[in-house]
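[1] Everything below, folded, please.
(one chain, ligands or ions: 1)
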Amino acid sequence: KSLSDTPPPRRPFSRVTEEDLTFFRTLLPDRTITDPDLLESSNVDWLKSVKGSSEVLLRPQTTEEVSQILRYCNSHNLAVNPQGGNTGLVGGSVPVYDEIVLSTSLMNNILHFDDVSGILTCQSGCILENLSLYLEERGHIMPLDLGAKGSCQIGGNVATNAGGLRLLRYGSLHGTVLGLEVVLADGRVLDCLSTLRKDNTGYDLKQLFIGSEGTLGVITAVSILCPQKPKSINVVFLGCETFEQLLKTFQLSRRMLGEILSAYEFLDSECLNLLKTHLKLHNPISDCPFYIVIETQGSDPNHDEEKLHNFLEQAMTSSLVVDGTVATEEGKIKALWSMRERITEALRHDGFTYKYDISLPVERIYQLVTDMRQHLGGRAKSVVGYGHVGDGNLHLNITSPAKNPTLLAAIEPFVYEWTAKFQGSISAEHGLGLKKRNYIHYSKSSQAVALMGTIKAMLDPNGILNPYKTLPDNLK
Ligand code: FAD
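    Numbers count the residues shown, from 1 in each chain. Modelled structure (predicted):
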């Protein structure tokens, strides 16, 4: 039986009482939600694959309120599920049982922006797209971008160490996040909200919370380094006959586009079929087995255009790519990007989706899709591959008309064993959440997992923060 399908038994946390509700209502008048209809969307994840039964949603506006909530919950043995935009894909963002949902949605103030250094400081509930729009008006951009930008929040992005479409160029949040303010399980406020590029005074504690998926503390504010808005952006959509050619085109793009290359993404023809069928998106080029989305960002439109032209000429004349189209104007750029960004949405329409977010040596990433197709035979509805080639990150997705335990048992642990055999990671950027928690051993040594357990026990001795997530069931 697949471990990911089974939540662990409820731990002996207290149940919310009338007395608790009186406390919350006094602290958060009108922001303590108990109406089951209003709670529905906080109990179900974006994929509609996991569902909790929380009876209380708390919507603090300040760090002090978060602190008071956690201090109270910790001393009353009440479990808490921190929640941002609820776009997470591993079942980490919704309660498993009746955990209190602590939403950061109303913590959406920008606190400071320094347009000399490009450092933005804001509350954790700011929606990524709103931050991008704010920065663009000031000549900057966020260092990360992802398909869920209209709903996901910066706190959720940091809590999951989200990768996304610009990681190739601007690196991970472990580099761009300069400071965090975090409320610990017992209500203490940890102020690491530095805005310095360099600060080697002792351990870099904020790193612990980046990617901790709400299990070590609630992130209440973030300071982040934002690049200058590029003067010129180009997006190219190309078609290849084989994955090998797609990889050779990647090497060529690195060589010829150099510092202006900002994204190198791919999708296979099965993804394109889903975009056509479910979202009525049309292929802008002729049909091919593989498609590439390349983005360049630079400071000189003529220079970028010349580089791109030379690259495309070389890719075409050496027959690495068979067809392509270029966009320089905003509407067309958006349209080309949607071929990549809307795949997750198209999959949701296709059926119940089993999602795998795998890091592998880049030359291996498509072999897993091919092997999985062969392994499953006719048992799945669709088996598709897409992802961030530039980061060696494959999104392998398998759909079925409905939730299907037999299919799941055929996929797992096959997918994890395959990944471990090639020293890959079973979660490149989505985290472990509820669904992958028990598979951590495929990517981390037992010593590393044990140390994670020690850190968790030290920071959250009662285990109230996002229980049943990230760490395997045999650790608390
Ligand atoms: P939520 O889903 O609400 O929460 C995610 C986790 O973080 C949970 O464990 C939660 O408890 C915790 N959490 C949330 N806020 C806080 C906080 N303030 N303090 C502590 N813990 C907190 N991910 C990528 O990495 N790259 C992609 O390219 C990408 N593309 C996506 C495209 C689509 C269409 C969708 C639906 C999702 C995509 N994702 C991607 C996954 C998801 O959007 C990211 O994981 C995102 O960072 C989650 O942010 P959120 O605010 O929605 O967090």
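
[2] Please report how far the closest residue in space to residue 68 that isn't next to it in sequence lies from residue 78.
    The shortest distance from residue 68 to any residue other than its chain neighbours is 5.7 Å, reached at residue 27 (C-beta to C-beta, 6 or more residues apart in numbering). Just so you know, the C-beta spots here come from the backbone N, C-alpha and C atoms, and that holds for glycine as well. For residue 27, the distance to residue 78 equals 14 Å [C-beta to C-beta, to the nearest Å].

[3] Say whether the ligand is contacted by whichever strand or helix holds residue 457.
    Taking DSSP states H and E as the criterion, residue 457 maps to helix 446-459. No. Helix 446-459 lies out of reach of the ligand by C-beta under 6 Å from any ligand atom, never closer than 12.2 Å.

[4] Could you measure from residue 278 over to residue 244?
    On the measure of C-beta to C-beta, residue 278 and residue 244 end up 29 Å apart.

[5] Pull the contacting residues for the closest residue to the ligand within the chain.
    Residue nearest to the ligand within the chain (C-beta to the nearest ligand atom): residue 156, separated by 2.0 Å. With contact taken as C-beta atoms under 8 Å, 6 or more residues apart in numbering, residue 156 is in contact with 83, 84, 85, 87, 88, 93, 104, 124, 162.

[6] Would you agree the last one is in contact with residue 143?
    No. Counting by C-beta atoms under 8 Å, residue 143 is not a contact partner of residue 162; they are 10.9 Å apart.

[7] Common neighbours of these two, please.
    In terms of C-beta under 8 Å, 6+ apart, residue 162 and residue 143 are both contacted by the residues residue 173.

[8] of those two, who's got more company?
    In this view residue 162 and residue 143 are compared by other C-beta atoms under 10 Å, and residue 162 has more residues nearby, 25 against 22.

[9] Now do the SS call for the more buried one.
    Under DSSP: H, G, I helix; E, B strand; the rest coil, residue 162 falls in the coil class.

[10] which non-adjacent residue is nearest residue 328?
    residue 234 (5.4 Å).

[11] Tell me the residues of the stretch 351-476 of the chain that contact the ligand?
    Going by C-beta under 6 Å from any ligand atom, the residues of the stretch 351-476 of the chain near the ligand are 429, 430, 433, 466, 469.

[12] partner residues bridging residue 80?
    Residue 80 forms beta bridges with residue 100, residue 465, as assigned by DSSP bridges.

[13] Just to check, it is in contact with residue 66?
    No. In this structure residue 80 lies outside contact range of residue 66 using C-beta under 8 Å: 9.9 Å.

[14] shared neighbours, the two?
    Taking C-beta under 8 Å, 6+ apart as the contact rule, residue 80 and residue 66 both touch 102, 218.

[15] so the residue nearest to residue 68 makes contact with residue 66?
    No. In this structure residue 27 lies outside contact range of residue 66 using C-beta under 8 Å: 10.4 Å.

[16] So those two - more neighbours on which side?
    residue 66 (27 against 16).

[17] can I get the CA coordinates of whichever helix or strand that one is part of in PDB?
    Using DSSP H and E, residue 66 maps to helix 63-75. Extracted C-alpha coordinates of helix 63-75, given in PDB (Å, rounded to 0.1, in the frame of the first residue of the first chain):
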ATOM      1  CA  THR A  63       3.000  39.800  13.900                       C
ATOM      2  CA  GLU A  64       1.900  40.500  17.500                       C
ATOM      3  CA  GLU A  65      -1.400  38.800  16.700                       C
ATOM      4  CA  VAL A  66       0.400  35.700  15.300                       C
ATOM      5  CA  SER A  67       2.500  35.600  18.400                       C
ATOM      6  CA  GLN A  68      -0.500  35.700  20.700                       C
ATOM      7  CA  ILE A  69      -2.200  33.000  18.700                       C
ATOM      8  CA  LEU A  70       0.700  30.600  18.800                       C
ATOM      9  CA  ARG A  71       1.500  31.300  22.500                       C
ATOM     10  CA  TYR A  72      -2.100  30.400  23.300                       C
ATOM     11  CA  CYS A  73      -2.200  27.300  21.000                       C
ATOM     12  CA  ASN A  74       1.100  26.000  22.300                       C
ATOM     13  CA  SER A  75       0.000  26.300  25.900                       C
END
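
[18] Would you mind listing what in the chain touches the ligand?
    46, 81-89, 92-93, 104, 124, 146-148, 152-153, 155-157, 159-160, 162-164, 213-214, 218-219, 344-345, 429-430, 433, 466, 469.

[19] Filter those down to the ones in helices?
    Using DSSP state H, the subset of those located in helices is 155, 156, 157, 159, 160, 344, 345.

[20] got JSON lines for these, with pLDDT too?
    Listed next are those as JSON lines, based on pLDDT from 0 to 100:
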{"residue": "155", "pLDDT": "98"}
{"residue": "156", "pLDDT": "98"}
{"residue": "157", "pLDDT": "98"}
{"residue": "159", "pLDDT": "98"}
{"residue": "160", "pLDDT": "98"}
{"residue": "344", "pLDDT": "94"}
{"residue": "345", "pLDDT": "94"}
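
[21] hang on, the earlier thing: out of the contacts of residue 156, give me the one that has the most neighbours.
    residue 93 (32 neighbours).

[22] can you tell me which residues contact that one?
    45, 46, 81, 83, 84, 86, 87, 156, 214, 433.

[23] let's see it at 6 Å
    45, 83, 86 (C-beta atoms under 6 Å, 6 or more residues apart in numbering).

[24] Low-confidence ranges, the stretch 351-476 of the chain, go.
    Within the stretch 351-476 of the chain, the stretches with pLDDT under 70 are 476.

[25] Which parts of it are helices?
    Under the criterion DSSP state H, counting those that start in this stretch, helices of the stretch 351-476 of the chain are mapped to 365-376, 405-411, 414-421, 446-459.

[26] And the first one, how far out from the chain middle?
    In this case it means helix 365-376. From the chain centre to the centre of helix 365-376 is a distance of 23 Å (C-alpha atoms, centre = their mean, to the nearest Å).

[27] what does the longest one give?
    In this view, helix 446-459 has its centroid 23 Å away from the chain centroid, taken as C-alpha atoms, centre = their mean.

[28] what pLDDT does the spatially most central residue of the chain get?
    In the chain, the C-alpha nearest the mean C-alpha coordinate belongs to residue 162, at 4.0 Å (C-alpha atoms, centre = their mean). Here, the pLDDT recorded for residue 162 equals 97.

[29] Contacts only, for it.
    Applying C-beta under 6 Å, 6+ apart to residue 162 gives no contacts.

[30] Okay then, goodbye and thanks.
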